[in-house]
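1. Structure here, sequence nowhere to be found:
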C-alpha cells in the first residue's frame, strides 16, 4: 500500500488508516476487533487512530494488537475523559491524566501522536491545552502532538504553529478545509489526516440513513447530486475515497469499519491511483456552486 511522509514528522504512513470510533461505539467484541485489526495490518495499513472517549476502543486496540506494536503508528485523542456526551475537560491536569490512562489502555509506553479532540478556538487561545500536550511530549508520552477538528478552530490550530499534524473532515460532502486550512497546513509542512473521507457512505442505501449521525451528509449529497453516486456502490466509494486522498496536502485517510474483509476491498479501490483531474475538478466545482456558507466541517 502506498505510503506518504506525514508532514515534517518521521512517519511514513499508509494512505489508509484505521479509525477506532466504530469498534467502541458499536461495542465490538475482542474477537471481532482482533480479526479486524490483524487483517488491516496484514493488508498494509500502519496507522491506528482512536480516542479516549470512544468507549472501550483503546482497551480493544491494546488487548488485540499490542504484540504487533512495532508494525504501526498509534494515534489517540484527548479532552473528553468521560465520553463526548459528558462534555470536555481542558485542564492541563486532566489532559495529562487522560494521556497516562491511554498509555495504560493501549498497552504501550509511548504514543506516536496525541491530538486535542475538537477543542474550541477560544480554549486553544488560552494556551493551557497546548502547554499540556507539549508537557506530554517532554515527558515522553508521545512523539508528536496534533489537533483534530474543523473550521475556525482548526485554522487557529494550524496558524499558531504549535502542532505537528491536523486531523480534519475532508470528503465529497465536506470540503471547507480544502480552502480554509489545508493551504496553510501545507505551507507549515504539517501532516494532514483526513477523517470521514467517504462521508460515511451516506448515500449507500439510496434512502435517508437511520443513524442521525449520517443525516447531514445525506442532505448535502442530495443537493450536490454527483452523478457517480447513482452507479455501482463500490465504484462510487472508490471515487469518494480517491477524491479525499487526491486533495493536495492530505497524507492519510482514516476509515472505520467492523468488517475485516473491508481492508482488502478498500486497498483494491485505491489501485487506480489518484482521481483523474476532470472528475476531481467536477466535484470541486459542484461544491463551490451548490454549498451554502453554513456547510462547515463536521465533527
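-> Sure thing, it's come through. Not measured: the values here are computed from a predicted model. Numbering: from 1, shown residues only.

2. buried set for the helix or strand bottoming out on mean pLDDT in the chain?
-> One helix or strand of the chain scores below all others by mean pLDDT, DSSP states H and E: helix 262-269, with a mean of 79. Judged by neighbour count using 16 or more other Cβ atoms under 10 Å, the buried positions of helix 262-269 are 262-263, 266-267, 269. For every residue, glycine as well, the C-beta is placed using N, CA and C.

3. now swap in stretch 279-295 and tell me
-> For stretch 279-295, a neighbour-count test (16+ other Cβ under 10 Å) marks 280, 283-284, 286-287, 291, 295 as buried.

4. Mind jotting down where the strands sit in the stretch 101-250 of the chain?
-> Using DSSP state E, counting those that start in this stretch, the strands of the stretch 101-250 of the chain run over 111-117, 142-148, 165-169, 191-195.

5. can you map out the helices along the stretch 1-150 of the chain?
-> Per DSSP state H, counting those that start in this stretch, the stretch 1-150 of the chain carries helices over the ranges 21-25, 30-42, 57-65, 92-105, 121-126, 128-138.

6. thinking again about what came up before, which element is encountered next along the chain beyond the least confident helix or strand of the chain?
-> Next along the chain after helix 262-269, taking DSSP states H and E as the criterion, comes helix 277-290.

7. tell me what that next one is packed against?
-> Applying 3 or more Cβ pairs under 8 Å, 6 or more residues apart in numbering; DSSP states H and E, one finds that helix 277-290 contacts helix 215-224, helix 233-246.

8. what about residue 275, distance to residue 11?
-> 24 Å (Cβ to Cβ, to the nearest Å).

9. still on that earlier bit, can the strands of the stretch 101-250 of the chain go into JSON lines with extra columns for mean neighbour count?
-> JSON lines is the format used below for the strands of the stretch 101-250 of the chain (neighbours: other Cβ atoms under 10 Å):
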{"stretch": "strand 111-117", "mean neighbour count": "25"}
{"stretch": "strand 142-148", "mean neighbour count": "25"}
{"stretch": "strand 165-169", "mean neighbour count": "27"}
{"stretch": "strand 191-195", "mean neighbour count": "27"}
